[in-house]
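K.L.:
pasting a predicted model and its sequence here:
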Amino acid sequence: MRTHRASRTGSRAIAVIVVVWLVIGLAAAAQRNYFAGSSATCAKVGTTLVTIAAGPLNYVGATPKIDCTAPQPSR
């Protein structure tokens, strides 16, 4: 029974760490004004998502950028 409780506590701790990590990433994206404007290009959405995923790494110098191009339709 003791190992089950320890496992639950460990899982909760990991969940809290992940949530805090993502909240810090959201704060970094908001500070960089990634949520402003209405243009949702591939590069802007990708950069925003990578910034959120990078979390606290944004505050130690990581500046993730995504450069992507969507295929153009043929004529």
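P.N.:
That came in fine, so what should we check first? The structure displayed is predicted, hence computed values, not measured ones.
K.L.:
go through the top helix by length along the chain and flag the buried ones.
P.N.:
In terms of residue count, the longest helix belonging to the chain (DSSP state H) is helix 2-31. Neighbour-count burial for helix 2-31, counted by 16 or more other CB atoms under 10 Å, picks out 21, 24, 25, 26, 27, 28, 29. Bear in mind the C-beta positions are built from the backbone N, C-alpha and C, glycine included.
K.L.:
same deal with stretch 27-44?
P.N.:
Applying 16+ other CB under 10 Å to stretch 27-44 flags 27, 28, 29, 34 as buried.
K.L.:
with just CA atoms, put that stretch into PDB.
P.N.:
These are the backbone C-alpha positions of stretch 27-44, laid out as PDB (Å, rounded to 0.1, in the frame of the first residue of the first chain):
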ATOM      1  CA  ALA A  27       4.200  33.900 -19.900                       C
ATOM      2  CA  ALA A  28       7.200  34.000 -22.200                       C
ATOM      3  CA  ALA A  29       5.100  33.900 -25.300                       C
ATOM      4  CA  ALA A  30       2.800  36.600 -24.000                       C
ATOM      5  CA  GLN A  31       5.800  38.800 -23.100                       C
ATOM      6  CA  ARG A  32       7.000  38.400 -26.700                       C
ATOM      7  CA  ASN A  33       3.500  39.500 -28.000                       C
ATOM      8  CA  TYR A  34       3.000  36.200 -29.900                       C
ATOM      9  CA  PHE A  35      -0.700  36.300 -29.100                       C
ATOM     10  CA  ALA A  36      -1.200  39.800 -30.600                       C
ATOM     11  CA  GLY A  37      -2.500  40.200 -34.100                       C
ATOM     12  CA  SER A  38      -4.800  38.100 -36.200                       C
ATOM     13  CA  SER A  39      -2.400  36.500 -38.700                       C
ATOM     14  CA  ALA A  40      -1.900  32.900 -37.900                       C
ATOM     15  CA  THR A  41       0.900  31.800 -40.200                       C
ATOM     16  CA  CYS A  42       2.600  28.500 -40.000                       C
ATOM     17  CA  ALA A  43       5.800  30.200 -38.700                       C
ATOM     18  CA  LYS A  44       4.000  32.200 -36.000                       C
END
